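K.L.:
kindly generate the corresponding structure for this input.
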Amino acid sequence: MALAASRLGVHSRVVMPRTTPRSKVEAVERFGGEAVLEGDSYDEALVLARRIREEDGRVFVHVYDDSDVIAGQGTVAVEVLRQHRGSLDAIFVPVGGAGLVAGTVAYV
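P.N.:
Below you'll find the predicted structure:
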C-alpha cells in the first residue's frame, strides 16, 4: 500500500502493532509510507487506525477484510497457476488475517 500511495503522490500512514517485524516497518518507510506502531496486537493497532480515519478524514484500507484487497491478493493464485505446468492437487497458503487465502480460493 505504501508503494502504491507513493506512486500516486499520496501520503500513507500504515498503523501496525509494536510487535511487527522490523523488516515490515522498514519496508513501509522505504516505499514512502509513514509507519505508526501502536499496541501489542493487531486489534489494538486497528483501534488507532480507525480513530485516524475519523479524526483526519483519511481513506481506510483494511489489511484483509476488503474486497479489493482480497482481489489483489488473489493475483498470487494467478501467478501460481500461470507458472505451474500440469495439474495441481493442492495449493498451500499461509494464513494470517485470511485475505491471501480468500483471494486465492476465489480465483482458483
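K.L.:
for residue 15, give the beta-bridge partners.
P.N.:
Using DSSP bridges, the bridge partners assigned to residue 15 are residue 36.
K.L.:
biggest helix in the chain, by residue count?
P.N.:
helix 42-56 (DSSP state H).
K.L.:
show me the shaky parts of this structure.
P.N.:
For the chain, the stretches with pLDDT under 70 are 97.
K.L.:
tell me the centre residue of it?
P.N.:
If you average the C-alpha coordinates of the chain and look for the closest C-alpha using C-alpha atoms, centre = their mean, you land on residue 63, 4.1 Å from that point.
K.L.:
what about that one, distance to residue 85?
P.N.:
Taking C-beta to C-beta, to the nearest Å as the measure, residue 63 falls 33 Å from residue 85. Bear in mind the C-beta positions are built from the backbone N, C-alpha and C, glycine included.
K.L.:
and for residue 78?
P.N.:
Computed as C-beta to C-beta, the residue 78 to residue 85 distance reads 15 Å.
K.L.:
again, but for residue 41
P.N.:
For residue 41, the distance to residue 85 equals 42 Å [C-beta to C-beta].
K.L.:
same drill for the two, tell me which one is more crowded.
P.N.:
residue 41 (12 against 4; other C-beta atoms under 10 Å).
K.L.:
so what's the more buried one up against?
P.N.:
Contacts here follow C-beta atoms under 8 Å, 6 or more residues apart in numbering; on that basis residue 41 touches 17, 19.
K.L.:
that one and residue 74: what is the separation?
P.N.:
Residue 41 is 27 Å from residue 74, by C-beta to C-beta.
K.L.:
now do the helices in this structure.
P.N.:
Along the chain, the stretches classed as helices by DSSP H are 2-7, 22-30, 42-56, 67-73, 75-83, 99-107.
K.L.:
which strands and helices sit next to the last one?
P.N.:
Applying 3 or more C-beta pairs under 8 Å, 6 or more residues apart in numbering; DSSP states H and E, one finds that helix 99-107 contacts helix 67-73, helix 75-83.
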